[in-house]
Structures are given as C-alpha cells and as structure tokens.
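Participant: make a model of this:
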Amino acid sequence: MTPSDGGALADAKDEGREVVGRTRLHAGKVFDLVADEVRLDPDDGEPVVREYLDHPGAVAVVALRGEPGAEEVLLIQQYRHPVRALLWEIPAGLLDVDGEDYVTAAARELHEEADLRAERWDVLVDYFTSPGGSDESLRVYLARDLTEVHEDDRHAREDEERDMPTRWVSLDEAVAAVHTGDLHNPSAVVGILATASARAQGWAALRPADTPWMR
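Facilitator: So this is what the prediction gives:
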C-alpha cells in the first residue's frame, strides 16, 4: 500500500540493486569519490555508472538552555571554504572513530567545540545531506541539562577551530533567521526547525537517544 492510499510514510533501504563494480576515483582526507556500476533495473542487464562521495557520516547537536518558552540554542561561527562564507552552525563532527557510539560521538563534539556536557540526550532528526551525490547520513541530537566543562578539562582547539565565535540565540530568533534566509548550514537549519517543531508538540516527538538509525 502506498502512502497516498493511507499506508505508512517512511523511507526504506533497498539493497536489491546489484553493484557489479566499484572504482575509487579519488581518495580524500575526509571522504572518497567513488563510481559504482549498478543495475538499477534487475530486468535490464546493462549497469549504469553512479559517481558519489563515500562519506563516514556525522552527528550534530542542538544544545538548548533556558526556561520553557524562552529557550536558547548555541551557535558556532565557522569559515567554510567551498562556499567562501562564515556560517553560523551547531556543534557537529564526523563519525570517524571506529565502533564509537553515536551519542558518545555527539557528546565528544559538544565537549570539544562548545566546552559543554549534557545530561539529557534525544534524537531530533535524521537526514541524508545530499542523497543524489553523497551517502553521508547525519543525525541531529537535542542536548539539554547542560553544564560547562571545567577549564582544566577543555579541549585544545587547533587550526580553524581555534577562534570560532559562539553565541546563544533565542530559539524563536534562530527560527526567524532560517525563514529570512540568514542561516544556511543544513544541520543548523534542520536542527533548529526540528527543535521548534518538537517544542510545539510538548517534546512528544523526540525519540530516545539510542533509536535505530537508517544510514
């Protein structure tokens, strides 16, 4: 039954398309460029070539503080060279530690980029960043009950992370900045809007931190 017929509206993995060959076109520092020869139609023997970025995946964190109705989110400004822009983002990082738990990875990024720890973790939203050209999957967590990391335990930032400005912004202001086109980082845009939606539902839409992830 299709969603238009009243069935469940849900994406689903499809491992039935045969990959008959793979070529690594470029091995990069963060991700590789690969070309798969795949049979999209099992009844048609001719494979087609699909080039895409082979990415380890990532996690991002909406850090939230404040009283109900007056919540604030933490934003971090970072220079992104491909788009030649300073973007306001939320803490985020790659899943580049083998076997690391997803929440642990998110907590590590919150610690390293924002000098914060959180006692409460929930899943806000999962998405593929650019499914037509990359297999990167990103999970955004909501982190609450925050405490600052002691100065002696703070992460020593290097390179472009050394001087990243941070700002606490009201959730309502952040939502408005998304709608006016002033925020462009995808995890920030998706995370901010998902947080506002979850708040409007009394946080009932949040999922447990260990919810399975289609990635």
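Participant: how many neighbours does L146 have?
Facilitator: L146 sits with 16 neighbouring residues when counted by other Cβ atoms under 10 Å. Where you see a C-beta, it was placed from the backbone N, CA and C, and this is true even at glycine.
Participant: again with D163
Facilitator: Residues contacting D163 under the criterion other Cβ under 10 Å number 8.
Participant: what secondary structure does it sit in?
Facilitator: coil (DSSP: H, G, I helix; E, B strand; the rest coil).
Participant: numbering from 141 from now on, please.
Facilitator: Sure, I'll start numbering at 141, so the last one becomes D303.
Participant: so what pLDDT did it get?
Facilitator: On pLDDT, D303 comes in at 77.
Participant: quick one, what contacts it?
Facilitator: By Cβ atoms under 8 Å, 6 or more residues apart in numbering, the contact set of D303 is empty.
Participant: where's the most centrally placed residue in the chain relative to L226, distance?
Facilitator: Nearest to the geometric centre of the chain sits L278, at 3.5 Å (Cα atoms, centre = their mean). L278 sits 21 Å away from L226, taking Cβ to Cβ, to the nearest Å as the criterion.
Participant: now swap in T306 and tell me
Facilitator: Note on T306: its distance to L226, by Cβ to Cβ, is 13 Å.
Participant: could you point out the longest helix in this structure?
Facilitator: In terms of residue count, the longest helix belonging to the chain (DSSP state H) is helix 326-340.
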